[in-house]
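A.B. asks: I would like the atomic coordinates for the input below:
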Amino acid sequence: MIEIGGLIIPPAQRQRIEIPVARLPTQTLITLPVTVINGSHTGPILWLSAAIHGDEINGVEIIRQVLQKISPSLLRGTIIAVPIVNIFGFIEQSRYLPDRRDLNRSFPGSNRGSLGSRLAHLFMAEIVSKSTHGIDLHTASDHRKNLPQIRANLHDSRTYECAKAFAAPVTIHSQTRDGSLREAATKRGIPVLLYEAGEALRFDENAIKVGVEGIMQVMGALNMYQQETYIDPQATVQIHETKWVRASCSGILRLYVKLGQQVTKKQVLGIISDAFGEKSTTVNASCAGIVIGSLQNPLVNQGDAIVHIAVL
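C.D. replies: Numbering: from 1, shown residues only. Down below sits the predicted model:
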């Protein structure tokens, strides 16, 4: 049996739980929605989380589809699914909490700190502390779009095996960031994958498909659920360094490259021009690699990050 939010979920059962978080000024209670699927046999305990940034909604749909695939009687271990972690930001269609704090810089949190710190503390106590593995789902930030990719500590053998099983088009060795959920969980010895794909406030069918398949493949590798075999037309590429190409001037951007495209050093990625086309500046690749992220807003200022390249 497993206990979440004061409720005990027996084997071979699915339970929806609402964990109290805080009240709005109107006194409306805001809760953290959790779905727990406890398998018929003991095994790994995998948490799935999305919308730590409230406007990153692809993961919400990924978790919904994964939950529909799982039968408690066939599951070995437990799934703890939290599709909307930043409930406040999700309601407001905002990346942040009401006080403009970034929840993913608030971990491990404190029960006496800010709203974000308290929510992070609750998540650590009720979800992370009960888990053996974790997958955290994200998209690019506002006005950017990411190629489906896994970011993880590939030097840790258990994490590496999960990342390899996920089989995203690109797998990036990435250090943790201070205050992030991945850092806090890693310090507790829990292997965590961070999935980045698509853009904020948009459903991306391919990003969702890769995410669902990746999670099911990780569950198969952990011997939690019958392995589902998917045909991935693009083999996983392991990356240990990425670079952003930035705007050398302000203007209107026209990109010539797409996500997933391989580029060579000094290749023209696009141009920045004024509104009349009287003056144009080329944007060149600083290295050879794969385009894993790009700016979607064509209006750029000098120094803006335009194209994210995984170095080959």
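A.B. asks: Against which helices or strands is the top helix by length along the chain packed?
C.D. replies: Assignment by DSSP state H gives helix 205-221 as the longest helix of the chain. Packing partners of helix 205-221 (3 or more C-beta pairs under 8 Å, 6 or more residues apart in numbering; DSSP states H and E): strand 41-50, helix 58-69, strand 133-138, strand 144-152, helix 157-166, strand 192-198. From N, CA and C alone the C-beta is placed, and that goes for glycine too.
A.B. asks: of all the ones you listed, which lies closest to residue 271?
C.D. replies: strand 144-152 (19.0 Å; C-beta to C-beta).
A.B. asks: Dump the closest one to CSV, restricted to CA.
C.D. replies: This file holds the C-alpha atoms of strand 144-152, laid out as CSV (Å, rounded to 0.1, in the frame of the first residue of the first chain):
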residue,chain,number,x,y,z
ARG,A,144,10.3,29.7,-28.0
LYS,A,145,9.8,26.2,-29.3
ASN,A,146,11.9,23.1,-28.4
LEU,A,147,12.6,19.9,-30.3
PRO,A,148,11.6,16.9,-28.2
GLN,A,149,14.6,16.3,-25.9
ILE,A,150,15.6,14.7,-22.6
ARG,A,151,17.9,16.5,-20.2
ALA,A,152,19.5,14.4,-17.5
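A.B. asks: Quick check: neighbours of that strand in the sheet, parallel or antiparallel?
C.D. replies: With DSSP bridges as the test, strand 144-152 is paired with strand 170-173 (parallel), strand 192-198 (antiparallel), strand 289-295 (antiparallel).
A.B. asks: among those strands, which is the most enclosed?
C.D. replies: Mean neighbour count (mean count of other C-beta atoms under 10 Å) peaks for strand 192-198 among these, with a mean of 26.
A.B. asks: Residue 286 is in what secondary structure piece?
C.D. replies: If you go by DSSP states H and E, residue 286 is not part of any helix or strand.
A.B. asks: got any ranges where the stretch 1-150 of the chain has weak pLDDT?
C.D. replies: Within the stretch 1-150 of the chain, not a single segment meets pLDDT under 70.
A.B. asks: Which stretches in it count as strands?
C.D. replies: 2-4, 7-9, 13-23, 29-38, 41-50, 76-82, 133-138, 144-152 (DSSP state E, counting those that start in this stretch).
A.B. asks: which of the residues in the longest helix of the chain are buried?
C.D. replies: 207, 208, 210, 211, 212, 213, 214, 215, 216, 217, 218, 219 (16 or more other C-beta atoms under 10 Å).
A.B. asks: Now the residues you listed in JSON lines, please, with extra columns for pLDDT and distance to residue 137.
C.D. replies: Formatted as JSON lines, the buried residues of helix 205-221 follow (pLDDT from 0 to 100; distance: C-beta to C-beta, whole Å):
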{"residue": "207", "pLDDT": "98", "distance to residue 137": "10"}
{"residue": "208", "pLDDT": "98", "distance to residue 137": "10"}
{"residue": "210", "pLDDT": "96", "distance to residue 137": "11"}
{"residue": "211", "pLDDT": "97", "distance to residue 137": "6"}
{"residue": "212", "pLDDT": "97", "distance to residue 137": "10"}
{"residue": "213", "pLDDT": "94", "distance to residue 137": "13"}
{"residue": "214", "pLDDT": "95", "distance to residue 137": "10"}
{"residue": "215", "pLDDT": "97", "distance to residue 137": "9"}
{"residue": "216", "pLDDT": "96", "distance to residue 137": "14"}
{"residue": "217", "pLDDT": "94", "distance to residue 137": "15"}
{"residue": "218", "pLDDT": "96", "distance to residue 137": "12"}
{"residue": "219", "pLDDT": "97", "distance to residue 137": "15"}
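A.B. asks: Of the residues you listed, which pair is most distant in space?
C.D. replies: 207 and 219 (19.0 Å).
A.B. asks: Looking at the buried residues of helix 205-221, which is nearest residue 52?
C.D. replies: residue 211 (14.9 Å).
A.B. asks: Contacts only, for the closest one.
C.D. replies: 58, 59, 62, 137, 148, 195, 197 (C-beta atoms under 8 Å, 6 or more residues apart in numbering).
A.B. asks: who's in contact with the first one?
C.D. replies: Taking C-beta under 8 Å, 6+ apart, we find residue 58 in contact with 50, 137, 139, 197, 198, 202, 203, 204, 207, 208, 211.
A.B. asks: circling back to that earlier point, among the helices and strands packed on helix 205-221, which is nearest residue 238?
C.D. replies: helix 157-166 (8.7 Å).
A.B. asks: Can you list the helices and strands that the closest one packs against?
C.D. replies: strand 133-138, strand 144-152, strand 192-198, helix 205-221.
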